[in-house]
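Asks: need the 3D shape of this:
(one chain, ligands or ions: 2)
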Amino acid sequence: MQEITIRRPDDWHLHLRDGDMLETVLPYTSRHFARAIVMPNLVPHIATTKMAAEYRERIEKALPAGHNFTPLMTLYLTEDADAEDIVSGFHSGEVTAVKLYPAGATTNSHSGVRNIETVYPVFERMAEAGVTLCVHGEVTDPEVDIFDREAVFIERVLEPVRRRFPDLRIVMEHITTSDGVDYVKSAPDGISGTITTHHLIINRNAMLAHGMRPHYYCMPIVKRESHRLALRKAATSGNRRFFLGTDSAPHLDADKESACGCAGVFSSINTLSCLAHVFEEENALDKLEGFASLNGPAFYGLPANEQTIRMVRRDDAIEFPGSIETKSGPVTVFDPMFPLHWDVVA
Ligand code: DOR
Ligand code: ZN
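Replies: Ligands and ions are numbered 1, 2, ... in the order given. Coordinates of the predicted model:
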């Protein structure tokens, strides 16, 4: 039996939602992960430090007894954002990062940014204070094909912002293309990229080639195989600029299996088993700790976790549930389409 021990991982991009959904999904993250960057795209969105503090308290209240987990809060950037509130929230430790959603890019992004230049004064203050900008890197111009949104965002938005604010720390979240990989690799220091578990495992055929699979529908949309391979290479390369952000994003099945289904893959339950499988396939199990536990804290200037987790490779496949129950109905669990053998045991 093989086994590995790594420092406890963190999830640098996570949707925990609120209310019943929060209570149901949080334990699947907090039993394995020590910290997570919590996305602010609730309704209403988390716009101020005060709202972030209240949301953090709701998360802490929902934590199962004995779970040791720290939510790292983010603010949702709007065109009328208050830069002073962002900076004071950051200095007080309540706010870890600010999230840029281009308006209309994904779930609850309608209050996001339409014209990037309107938030340049906010970026200026963030750059001075050292506040990280987490970016949903897709343009929403209807003229741009959905599969090209990330590459066009790099050219039209990200690179101009980076040039104008060279000191601004930026995480290009959930990169999905070789363009994203190349950009992060070749950018100056201060730019990183997160990669989700599911984008390492599925390509667009999984979503579209054998019937339309709404549970593989997410934003940014899964791309062609060559992009998936580029992501796997980046994640398993040991390059410190790449780290894990699962983007686990639960929606009720009824909302996904619909004529206009929601984007999001719920993977927090089996993410570590999936990742160990991927890293083993790439002969890179020794790089898993960097990707899941070390590179993220190094970028955010936080200490790596002292605790460890141990994973063992079982001969029999592990039985994960196909879905979990919430009070409002089931939520389907990410299906990697291969048996999972790596189990977190401690
Ligand atoms: O697939 C996604 N789901 N991508 C996002 O950017 C948002 C998320 C959600 O909140 O459901
Ligand atoms: Zn997300």
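Asks: and the strands in the stretch 201-346 of the chain?
Replies: Assigned strands in the stretch 201-346 of the chain, in chain order: 242-244, 308-313, 323-326, 329-332, 342-344 (criterion: DSSP state E, counting those that start in this stretch).
Asks: so which elements touch the fourth one?
Replies: Using 3 or more CB pairs under 8 Å, 6 or more residues apart in numbering; DSSP states H and E as the contact criterion, the neighbours of strand 329-332 among helices and strands are helix 19-30, helix 253-256, strand 323-326. Where you see a C-beta, it was placed from the backbone N, CA and C, and this is true even at glycine.
Asks: so which of these is nearest ligand 1?
Replies: Closest of those to ligand 1 is helix 253-256, at 9.5 Å (criterion: CB to the nearest ligand atom).
Asks: give me the residues contacting the longest helix seen in the chain.
Replies: As assigned by DSSP state H, the longest helix anywhere in the chain is helix 49-62. Helix 49-62 has contacts (CB atoms under 8 Å, 6 or more residues apart in numbering) with 16, 18, 22-23, 26, 38, 40, 42, 44, 46, 71, 73-75, 85-86, 88-89, 92, 94-95.
Asks: show me which of those residues are buried.
Replies: 16, 22-23, 26, 38, 40, 42, 46, 71, 73-75, 85-86, 89, 94-95 (16 or more other CB atoms under 10 Å).
Asks: which residues of this structure lie near ligand 1?
Replies: 15, 41, 106, 107, 136, 218, 219, 247, 249, 263, 264 (CB under 6 Å from any ligand atom).
Asks: try it again at 8 Å.
Replies: 15, 39, 41, 101, 105-109, 136, 174, 217-220, 247, 249-251, 262-265 (CB under 8 Å from any ligand atom).
Asks: related to what we said a few turns ago, tell me the most buried of the strands of the stretch 201-346 of the chain?
Replies: strand 242-244 (a mean of 27; mean count of other CB atoms under 10 Å).
Asks: can you tell me what sits against that strand?
Replies: So strand 242-244 is contacted by 9-12, 181, 184, 192-195, 197, 234-235, 275, 291-292, 295-296, 299 (CB under 8 Å, 6+ apart).
Asks: how about the helices of the stretch 201-346 of the chain, start to end?
Replies: Secondary structure of the stretch 201-346 of the chain by DSSP state H, counting those that start in this stretch: the helices cover 204-208, 225-235, 253-256, 271-281, 288-289, 295-300.
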